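Trainee: Next come a sequence and a model predicted from it.
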Amino acid sequence: MISLDRHLERFVVLHRVGWLDWVFVGLSRIGTLGLVWIAIAVLVAILLRRPSVFVVTVGAVACADLIAFALKTVLDVDRPPVRYASPGPLVHVPADHSFPSGHAATSFAAALVIARAVPRRAWLFYLLAAAIAFSRVYVGVHYPIDVLGGALLGLLVATALLRLAGGLRRSPPGPR
């Protein structure tokens, strides 16, 4: 599995299409700290008049990012540029370890929350999340398994928060 992961990363990086570099660099940048997702959540919350969409999205992004960071400190997986000198990454290489991808974790966490609020457009949010996650492999700072692990982490975090938020809304009033 690890060998296949390394080969896939090398295949993607060695077969970059120069005129597409700016697209994936841009996707990687907008995915930083989940900021694009916060902006989308603000818009959705305003349009739907449901501030809870914003609150739960911020919570999902923050939790996914914190858990991904904690896992990176425990799991010692070097990033591709540490292992392979060329071709070089297209973006700044973060100082932390590689697994799981924080970009993928925050993107999929937010995508799930926002998709639940706007189910008819859910595919757009998942497509953006997948594009941001893939961009991290394309720009040369993650392995495919990093983004898959991050995506799974993000989906788990968002599912837990959505259940908690739903449970809080449906719980009967306590005794007075």
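Mentor: Here it is on my side, so go on. Quick caveat: nothing in here was measured; it's all calculated off a predicted structure. Residues are numbered from 1 along each chain as shown.
Trainee: Flag the shaky bits of the protein, pLDDT-wise.
Mentor: Scanning the chain with the threshold set as pLDDT under 70 gives 1, 167-176.
Trainee: Spatially central residue in it, please.
Mentor: The chain has residue 104 as the residue nearest its centroid, 2.3 Å off, counting by CA atoms, centre = their mean.
Trainee: which SS class is that residue?
Mentor: helix (DSSP: H, G, I helix; E, B strand; the rest coil).
Trainee: can you tell me how far it sits from residue 29?
Mentor: 15 Å (CB to CB, to the nearest Å). From N, CA and C alone the C-beta is placed, and that goes for glycine too.
Trainee: most residues in a single helix of the chain, which one?
Mentor: Scanning the chain for the longest helix, with DSSP state H as the assignment, gives helix 144-170.
Trainee: Could you give me the buried positions within that helix?
Mentor: For helix 144-170, the buried set under the neighbour-count rule, 16 or more other CB atoms under 10 Å, comprises 144-151, 153-158, 161-162, 165.
Trainee: Same check on stretch 24-42?
Mentor: 24-25, 27-31, 34, 36-38, 40-41.
Trainee: The residue nearest to residue 139 when sequence neighbours are not counted and residue 27, how far apart?
Mentor: Excluding its sequence neighbours, the residue lying closest to residue 139 (CB to CB, 6 or more residues apart in numbering) is residue 90, at 4.2 Å. Computed as CB to CB, the residue 90 to residue 27 distance reads 11 Å.
Trainee: which element is residue 61 on?
Mentor: Assigned by DSSP states H and E, residue 61 belongs to helix 51-74.
Trainee: How far away from the center of its chain is that helix?
Mentor: Centroid separation for helix 51-74 versus its chain: 10 Å, with CA atoms, centre = their mean, to the nearest Å.
Trainee: and the next helix or strand after it, how far from the chain's centre?
Mentor: Scanning forward in sequence from helix 51-74 by DSSP H and E, the next helix or strand is helix 80-83. Put simply, helix 80-83 sits 21 Å off its chain's centre (CA atoms, centre = their mean).
Trainee: helices or strands up against helix 80-83?
Mentor: Packed against helix 80-83 by the contact rule (3 or more CB pairs under 8 Å, 6 or more residues apart in numbering; DSSP states H and E) you find helix 2-14.
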